[in-house]
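Engineer: coordinates only, sequence not included:
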């Protein structure tokens with residue numbers, strides 16, 4: 001059974017060039033002005049597989065919280081069955097998703113610092129988990145999914161979804177937390193290099209308060225977010241270097257040394273740099289093993 005890769009960084013329109021997703025599988029939906037402070041992107045996905053054929057897709061972590069509405073066969077991860085409508089918590093671990101028959105639906109990626117308002121609880125409470133969205137939305141998620149399934153086309157489905165999300169924001173007692181959003185952005189823009197005490201000072205809070213804000217509104221600790229930011233900086237660098245000098249890549253991306261880079265790849269991606277390059281870039285020869 002083969003395995004393909006899925007990676008999306010912040011500046012990728014649909015997915016990264018390393019991804020094995022067939023062309024036309026994903027389509028972006030313009031996010032309404034009311035949702036834009038809370039939602040970074042909405043993607044429609046649709047793919048059909050040969051009878052009896054199962055595809056495994058390794059999804060590399062981006063630290064985002066997602067809402068997923070499955071209209072076809074729900075993809076599954078681990079030993080559990082896929083959920084028809086789910087909230088997927090932020091994570092620093094990769095997920096291998098199993099897909100078969102026909103997968104179809106809509107994925108909503110929430111902005112870091114803005115997840116609690118749409119979830120209805122602190123984002124950290126579902127970190128690393130996939131939970132049925134009805135547990136958080138008191139039955140409204142299944143009703144929304146049913147109405148989306150009956151909609152005549154993708155545009156109508158997207159309109160129903162965005163209208164429901166906008167109503168939820170109006171009813172929510174929680175709004176996007178600007179200090180958490182600003183802190184997440186500072187860490188990401190520095191590639192995880194900016195000391196957390198400096199990040200806290202820049203947004204006007206103490207380090208302990210920064211931890212609390214990240215748990216509630218991002219879903220990860222500031223240090224976990226910084227680890228992902230450093231990994232993403234490295235992945236961007238690798239896009240420009242099909243035959244990288246690994247010791248240089250490690251230092252330039254903020255790792256202590258090449259060994260640290262290899263260990264972080266294994267921890268955050270579930271593969272070594274060699275295996276990643278094998279998935280993503282053919283013909284790479286200088287790999288650290």
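Structural biologist: Thanks, I have it. Since the structure is predicted, the reported quantities are computational estimates derived from the model, not experimental observations.

Engineer: Name the surrounding residues that touch stretch 248-265.
Structural biologist: 191-193, 227, 230-231, 233-234, 237-238, 241, 246-247, 271-273, 276, 288-289 (Cβ atoms under 8 Å, 6 or more residues apart in numbering). Just so you know, the C-beta spots here come from the backbone N, C-alpha and C atoms, and that holds for glycine as well.

Engineer: Break down the chain into its helices, ranges please.
Structural biologist: Here the chain has its helices, by DSSP state H, at 115-119, 134-137, 140-150, 154-171, 178-189, 196-202, 207-217, 222-239, 246-252, 258-269, 273-280.

Engineer: closest to residue 36 out of these?
Structural biologist: Nearest to residue 36 among those is helix 154-171 (10.6 Å), distances taken as Cβ to Cβ.

Engineer: packing partners for that closest one?
Structural biologist: If you count contacts as 3 or more Cβ pairs under 8 Å, 6 or more residues apart in numbering; DSSP states H and E, helix 154-171 packs onto strand 26-29, strand 39-48, strand 102-110, helix 115-119, helix 140-150.

Engineer: same thing but 10 Å
Structural biologist: The contact analysis (3 or more Cβ pairs under 10 Å, 6 or more residues apart in numbering; DSSP states H and E) places helix 154-171 against strand 26-29, strand 39-48, strand 65-70, strand 102-110, helix 115-119, helix 140-150.

Engineer: and the shortest one, how far from the chain's centre?
Structural biologist: Its chain's average C-alpha position is 15 Å from that of strand 26-29, according to Cα atoms, centre = their mean, to the nearest Å.

Engineer: just the longest one next, same as before
Structural biologist: Relative to its parent chain, helix 140-150 has a centroid offset of 23 Å by Cα atoms, centre = their mean.

Engineer: can you state the direction angle for that helix and strand 65-70?
Structural biologist: Helix 140-150 and strand 65-70 are oriented at 50 degrees to each other (axes from the mean of the first three to the mean of the last three Cα atoms, to 10 degrees).

Engineer: which of the contacts of stretch 248-265 count as buried?
Structural biologist: 191-192, 227, 230-231, 233-234, 238, 246, 271-273, 276, 288 (16 or more other Cβ atoms under 10 Å).

Engineer: want to try CSV for those, with distance to residue 72 and pLDDT as columns?
Structural biologist: Formatted as CSV, these follow (distance: Cβ to Cβ, whole Å; pLDDT from 0 to 100):
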residue, distance to residue 72, pLDDT
191, 38, 94
192, 37, 95
227, 34, 96
230, 36, 95
231, 31, 96
233, 35, 93
234, 34, 93
238, 33, 90
246, 41, 88
271, 28, 90
272, 33, 89
273, 34, 89
276, 29, 88
288, 40, 43
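
Engineer: Reformat the residues you listed as CSV; add distance to residue 159.
Structural biologist: Putting these into CSV (distance: Cβ to Cβ, whole Å) gives the following:
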residue, distance to residue 159
191, 38
192, 38
227, 38
230, 39
231, 36
233, 37
234, 39
238, 39
246, 48
271, 39
272, 44
273, 43
276, 38
288, 49
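
Engineer: rewinding a little: now the helices and strands packed on helix 154-171 as TSV including mean pLDDT, mean neighbour count and distance to residue 156?
Structural biologist: Shown next, in TSV, are those (pLDDT from 0 to 100; neighbours: other Cβ atoms under 10 Å; distance: least, Cβ to Cβ, whole Å):
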stretch	mean pLDDT	mean neighbour count	distance to residue 156
strand 26-29	95	16	12
strand 39-48	95	18	12
strand 65-70	96	22	13
strand 102-110	95	21	12
helix 115-119	92	26	21
helix 140-150	94	16	8
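
Engineer: closest to residue 172 out of those?
Structural biologist: Using Cβ to Cβ, the nearest of those to residue 172 is helix 115-119, at 4.6 Å.

Engineer: how far out from the middle of the chain is the closest one?
Structural biologist: In terms of Cα atoms, centre = their mean, the centre of helix 115-119 is found 15 Å from the chain centre.

Engineer: Cheers, nothing more for now.
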